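K.L.:
Just need the structure, nothing else, for what follows:
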Amino acid sequence: EGTGPIPTVEGLLPEKPAPNWQAAPEDIPLTPEELEVCRKVRCWLGTRRFDTIPRDLLLCFVRGYGNREDWAESVCAFLDGCLRWRQTVDADSCVEADPPPQRQLFEECVQSGVVGTDRHGHPVVVDRIGRIPVDRLLTNFDVDLFIRQQTYNRECLRLYAALNSQKQQKRLYKSIGVLDLKGLGIAHTDRNIFKLLKSQNACFSWYYPESVSKIIVVNAPWLFRGIWSTVKGFLHPITQSKVIILGSDYHKTFSELGIRFDSNEGIDMPRLEGWSSKVQRMLKEPAGQEMLRGYMPEADVEALRQL
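P.N.:
From the prediction side, this is the model:
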């Protein structure tokens, strides 16, 4: 059992702007200060509950809230909410269970998949936003089912990142997101599409913090200017700072970031392998089951044991 009352979000200090703040690099060992935050969080949550936190998510929270005055309290309060949410959507077991209802249809509507890596080894994931058939998506997926589908995507990506880290023996829990807007039209400005995206951001910004290295928007038409003015309003300033908006001349930026694609077609490969197919192969890899908990170097695992 934990000791004392668990810090609450309502009881946290107001967040102060930190325009130049950057989270600690993913691959460095846990620092003494970070281990002290972990010790406090374990005391509040209790050892049994603390040990259920996926290892990569623990780092996302500890390093993602390092800019706050009440660092340990913030990590604990937001982690507590995350663990409760993960129970309600079965996040810990969803990639091993049957995919969410209408999964094949969702993957046809919202094409998403890994297409390469950057120079550091981060997976590059493309989402073909401009190719979403709006009417078909809105007819078949309400907010709850949409969030469950995207949670399945995120948990599959977590496993992919953990296996990638294990193979490289280097902690890499972040990814690069590429939002391909080719085909974006007036239909994509439907208020119900914004409702889905806003709900997804409101959920994932709390429960998967500091898990994105960059967000690169490509093939952005003039229409996107108006959309961006709305979308950026519900993004955290730190997230906004990671967004790069490009037209069709994105190849130079990809080159500068050291992005290497798995196919000569780059983000335009004819067919993206959906997560429901890819995860079945990942689970059969030698470390597939072990990496469901996330990757953590053994030195950090031992340091946490010693707290």
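K.L.:
Determine how far stretch 144-157 lies from the middle of the whole chain.
P.N.:
Distance, stretch centre to chain centre, for stretch 144-157: 10 Å (C-alpha atoms, centre = their mean, to the nearest Å).
K.L.:
Remind me what the strand or helix carrying residue 302 packs against, helices and strands.
P.N.:
Per DSSP states H and E: residue 302 is located in helix 298-305. In terms of contacts (3 or more C-beta pairs under 8 Å, 6 or more residues apart in numbering; DSSP states H and E), helix 298-305 is packed against helix 32-45. For the C-beta atoms, the positions are set from N, CA and C on the backbone; glycine is no exception.
K.L.:
Hey, what's the angle from the helix it packs on to helix 298-305? Just curious.
P.N.:
Going by axes from the mean of the first three to the mean of the last three C-alpha atoms, to 10 degrees, helix 32-45 is angled at 50 degrees with respect to helix 298-305.
K.L.:
Alpha carbons of helix 32-45, as PDB, please.
P.N.:
In PDB, the C-alpha atoms belonging to helix 32-45 read as follows (Å, rounded to 0.1, in the frame of the first residue of the first chain):
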ATOM      1  CA  PRO A  32      19.800  10.600  -8.900                       C
ATOM      2  CA  GLU A  33      17.200  13.400  -9.100                       C
ATOM      3  CA  GLU A  34      15.000  11.200 -11.300                       C
ATOM      4  CA  LEU A  35      15.400   8.200  -9.100                       C
ATOM      5  CA  GLU A  36      14.300  10.300  -6.100                       C
ATOM      6  CA  VAL A  37      11.200  11.300  -8.000                       C
ATOM      7  CA  CYS A  38      10.600   7.500  -8.700                       C
ATOM      8  CA  ARG A  39      11.100   6.800  -5.000                       C
ATOM      9  CA  LYS A  40       8.500   9.300  -4.000                       C
ATOM     10  CA  VAL A  41       6.000   8.100  -6.600                       C
ATOM     11  CA  ARG A  42       6.500   4.500  -5.400                       C
ATOM     12  CA  CYS A  43       5.800   5.600  -1.900                       C
ATOM     13  CA  TRP A  44       2.600   7.300  -2.900                       C
ATOM     14  CA  LEU A  45       1.300   4.600  -5.200                       C
END
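K.L.:
ok, and for it, which residues are buried?
P.N.:
Applying a neighbour-count criterion of 16 or more other C-beta atoms under 10 Å, one finds 34, 35, 37, 38, 40, 41, 42, 43, 44, 45 buried in helix 32-45.
K.L.:
and of these, the nearest to residue 78?
P.N.:
Nearest to residue 78 among the buried residues of helix 32-45 is residue 41, at 10.3 Å by C-beta to C-beta.
K.L.:
Isn't that closest one up against residue 77?
P.N.:
No: contact criterion C-beta atoms under 8 Å: residue 41 and residue 77 do not qualify, at 9.7 Å.
K.L.:
got the contact list for stretch 232-252?
P.N.:
Applying C-beta atoms under 8 Å, 6 or more residues apart in numbering, the contact partners of stretch 232-252 are 17-19, 21, 198, 201-202, 205, 212-220, 224, 228, 253.
K.L.:
do that again at 6 Å, thanks
P.N.:
Residues from elsewhere that reach stretch 232-252 (C-beta atoms under 6 Å, 6 or more residues apart in numbering): 198, 201, 214, 215, 216, 217, 218, 219, 220.
K.L.:
for stretch 27-37, same thing?
P.N.:
Taking contacts as C-beta under 6 Å, 6+ apart, the residues outside stretch 27-37 that touch it are 62, 71, 72, 75, 170, 171, 299, 300, 303.
K.L.:
Now pLDDT and neighbour count too, for the residues you listed, in TSV please.
P.N.:
As requested, the contacts of stretch 27-37 are exported to TSV (pLDDT from 0 to 100; neighbours: other C-beta atoms under 10 Å):
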residue	pLDDT	neighbour count
62	98	26
71	97	17
72	97	21
75	98	27
170	96	14
171	97	23
299	97	9
300	98	19
303	97	18
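K.L.:
In this protein, which helix is the longest?
P.N.:
Using DSSP state H to define each element, the chain has its longest helix at helix 143-168.
K.L.:
and that helix, what's its mean pLDDT?
P.N.:
The average pLDDT for helix 143-168 rounds to 97.
K.L.:
Now the element after that helix, going C-ward?
P.N.:
As assigned by DSSP H and E, the chain's next helix or strand after helix 143-168 is strand 175-180.
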